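Chemist: Just the structure for this:
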Amino acid sequence: MSLGCTTDMSKLKLTIEYVGTDFCGWQSQKNGNSVQDAVERALGKYFGCEFVRIYAAGRTDVGVHATGQVAHFVTDKSVNCYKLCLGVNTVLPPSIAVTNAEVVNDDFDARFSAKSKTYCYRLYVSPTRRPSLDVNHAQVYKPLDVDAMRRAAALLVGTHDFAEFQKTGSNLKGTVRTVNSFDVIDNGDGVVSLRVNGNAFLYNQVRVMCGLLVEVGRGKFDLNDVNDMLHGKKLRFKTMPAKGLTLEKVYY
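Modeler: Numbers count the residues shown, from 1 in each chain. Below you'll find the model as predicted:
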């Protein structure tokens, strides 16, 4: 975290952590309680101005969490990055915090400078609810074949047309994306993490991919089905709920 001060016009990069349960997502919306709105209000109070616009690495949907969302903004105020984090966090709700701030070059853009993103989908296997996990894990009721899920995840790594792995509502052009890595981790005690890194993702792509892996783990689908879906075949299964998904890190 930078401790120095800046003068004149400066661009700052923020790293933001939040629990998305009570928000309508990252993006500011009319009549909605978004993470972006909360952070912009807090920055406005800190700087004593009416409005501060911030630009994020990407949107997260309603209910999705983040430990490493990145945003940038420009200010003509003098800034001590350490004091900025402390001051802004005093007026943010408990479920949001700015965890780091730093001055960056003028050509930095939280979205367009990003090289890749890592998301983690967490789930737990239990016939009964586990309240301490429910906030950021999805519940699966019966045991999963984790090894089969790992083999299926390996098929999704690489550059593919992920047209069948998106939900309607995307405004992005093209459906070819690159998945750099996809790890299925057995954390013990029935907890499984699905960690995926890619250059960019389609609307709900990560949750759809994780839903497919869960169905493989249940024995409903096999590796042939995964290959078929990559080649345009439609498969019927549920997209995993938003609460299990966390944006962990954006790489630059």
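Chemist: now the strands: where do they sit in the stretch 51-200 of the chain?
Modeler: Using DSSP state E, counting those that start in this stretch, the strands of the stretch 51-200 of the chain run over residues 55-56, 65-75, 79-80, 96-104, 116-125, 138-140, 158-161, 176-188, 191-198.
Chemist: For the ones you listed, give me a markdown table that also has mean pLDDT, mean neighbour count and distance to Leu14.
Modeler: All C-beta spots, glycine's among them, are computed from the backbone N, C-alpha and C. Formatted as a markdown table, the strands of the stretch 51-200 of the chain follow (pLDDT from 0 to 100; neighbours: other CB atoms under 10 Å; distance: least, CB to CB, whole Å):
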| stretch | mean pLDDT | mean neighbour count | distance to Leu14 |
| --- | --- | --- | --- |
| strand 55-56 | 98 | 18 | 9 |
| strand 65-75 | 97 | 21 | 5 |
| strand 79-80 | 94 | 18 | 11 |
| strand 96-104 | 97 | 18 | 5 |
| strand 116-125 | 98 | 21 | 16 |
| strand 138-140 | 98 | 19 | 28 |
| strand 158-161 | 96 | 14 | 31 |
| strand 176-188 | 97 | 16 | 25 |
| strand 191-198 | 98 | 20 | 21 |
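Chemist: quick one: contacts for Phe237?
Modeler: The contact partners of Phe237, by CB atoms under 8 Å, 6 or more residues apart in numbering, come to 211-212, 214-215, 220-221.
Chemist: what do you get for Val35?
Modeler: For Val35, the contacting residues are 16, 18, 20, 23, 25-26, 60, 66, 69, 96, by CB under 8 Å, 6+ apart.
Chemist: now that we have the residues you listed, which one has the most neighbours?
Modeler: Highest neighbour count within these: Gln69, with 32 neighbours (other CB atoms under 10 Å).
Chemist: Does that one touch Ile16 like I think?
Modeler: Yes: shown here, Gln69 and Ile16 form a contact pair, counting by CB atoms under 8 Å, at 4.5 Å.
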